[in-house]
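Trainee: Got a predicted model here, sequence first, then my questions.
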Amino acid sequence: RAGNPFKVVGAHTDSPALKVKPVSKQSTHGFVQVGVECYGGGLWHTWFDRDLGVAGRVILETGERAYKEALVHIKKPVLRVPTLCIHLQSASEREGFSPNKEEHLTPILGLINEEMNKSTKSDKRHAPELLAALAE
């Protein structure tokens, strides 16, 4: 009937993710790390001590000034965001745990001495292990 009201329903969902930075190669304390930025409003404390895969869009160089896009999904665990084991923390430390997203959510990819023993041509922007995993 004419004059009846109508209803509009809208929704928004955020899919929290750790997105690889354009220059992702990092290292600290003997570990090769992947620089990431936090996307979305996540419960970031739940990302610690989990095996992480890699998925997304990559740009491949196919020739001189020729590129193509490809989707990748590495299902095997290649990254991990570690935290101190629970028996080495006091109860107040566990309760007061509030990670700094920039400092504490940088995943570990491997050990630096493993990287040093490899003789591969590498990109200065990204860890060779990450590029090798993406190339598989």
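Mentor: Right, received. Where do you want to start?

Trainee: now the helices for the chain?
Mentor: 91-95, 101-104, 112-116, 128-135 (DSSP state H).

Trainee: Quick one: closest of those to Phe31.
Mentor: helix 112-116 (6.6 Å; C-beta to C-beta). For glycine as for every other residue, the C-beta is placed from the backbone atoms N, C-alpha and C.

Trainee: quick one, which of the helices of the chain is packed in tightest?
Mentor: Comparing the helices of the chain by mean neighbour count (mean count of other C-beta atoms under 10 Å), helix 128-135 comes out on top with a mean of 16.

Trainee: In CSV, could you pull the C-alpha coordinates for it?
Mentor: The C-alpha trace of helix 128-135 is given here as CSV (Å, rounded to 0.1, in the frame of the first residue of the first chain):
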residue,chain,number,x,y,z
PRO,A,128,64.4,-14.3,1.4
GLU,A,129,62.5,-17.0,3.4
LEU,A,130,59.2,-15.1,2.9
LEU,A,131,59.9,-14.7,-0.8
ALA,A,132,60.8,-18.4,-1.1
ALA,A,133,57.6,-19.4,0.7
LEU,A,134,55.5,-17.1,-1.6
ALA,A,135,57.2,-18.6,-4.7
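
Trainee: which secondary structure elements does it contact?
Mentor: Secondary-structure packing of helix 128-135 (3 or more C-beta pairs under 8 Å, 6 or more residues apart in numbering; DSSP states H and E): strand 51-63, strand 66-80, strand 108-111.

Trainee: No further queries at this time; thank you.
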